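A.B. asks: Make a model of this:
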Amino acid sequence: MKISNDKLYYLCNKYQWFTNGDCGQYRTFFDRNKQGASLETLATIIWICSSGWSEQDILKILQQECDL
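C.D. replies: Predicted structure coming up:
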């Protein structure tokens, strides 16, 4: 499944993900998405740079958003 960078940006803001990452990590995250990273990989990156979320919960949201 693929997800757009615009959708990822929206979700990061909506759920307050990536609040522990810096600007360089944030850019790299979007670059990895452009390169075709899996939803599982994106969920792991978000989880590492976020607080209060489980990796599985992030992945579920990403999967649901791809189905919309």
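A.B. asks: now the worst-scoring helix or strand of the chain on mean pLDDT, how far from the centre of its chain.
C.D. replies: Sorted by mean pLDDT, DSSP states H and E, the helices and strands of the chain end with helix 55-67, the least confident at a mean of 94. How far helix 55-67 lies from its chain's middle: 9 Å, per C-alpha atoms, centre = their mean, to the nearest Å.
A.B. asks: Buried residues in that helix, which are they?
C.D. replies: 58-59, 61-62, 65 (16 or more other C-beta atoms under 10 Å). Using the backbone N, CA and C atoms, a C-beta is placed for each residue, glycine as well.
A.B. asks: What of stretch 33-53?
C.D. replies: Result for stretch 33-53 [16+ other C-beta under 10 Å]: buried residues 33, 37, 39, 42-43, 45-47, 49-50.
A.B. asks: from the chain's centre, how far out does stretch 48-56 sit?
C.D. replies: 10 Å.
A.B. asks: How far does it stretch from one end to the other?
C.D. replies: With C-alpha to C-alpha, to the nearest Å as the measure, stretch 48-56 spans 12 Å from end to end.
A.B. asks: ok, I3 - contacts?
C.D. replies: Taking C-beta atoms under 8 Å, 6 or more residues apart in numbering, we find I3 in contact with 33, 39, 42, 62, 65-66.
A.B. asks: got the residue ranges for the helices in the chain?
C.D. replies: 5-15, 23-34, 39-48, 55-67 (DSSP state H).
A.B. asks: quick one: low-confidence parts of the protein?
C.D. replies: Residue ranges of the chain with pLDDT under 70: 67-68.
A.B. asks: Now with 50, please.
C.D. replies: Scanning the chain for pLDDT under 50 picks out no residues.
A.B. asks: okay, the buried residues of stretch 33-53 in a markdown table with distance to Q25 next?
C.D. replies: Formatted as a markdown table, these follow (distance: C-beta to C-beta, whole Å):
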| residue | distance to Q25 |
| --- | --- |
| N33 | 13 |
| A37 | 14 |
| L39 | 18 |
| L42 | 13 |
| A43 | 15 |
| I45 | 8 |
| I46 | 11 |
| W47 | 13 |
| C49 | 6 |
| S50 | 11 |
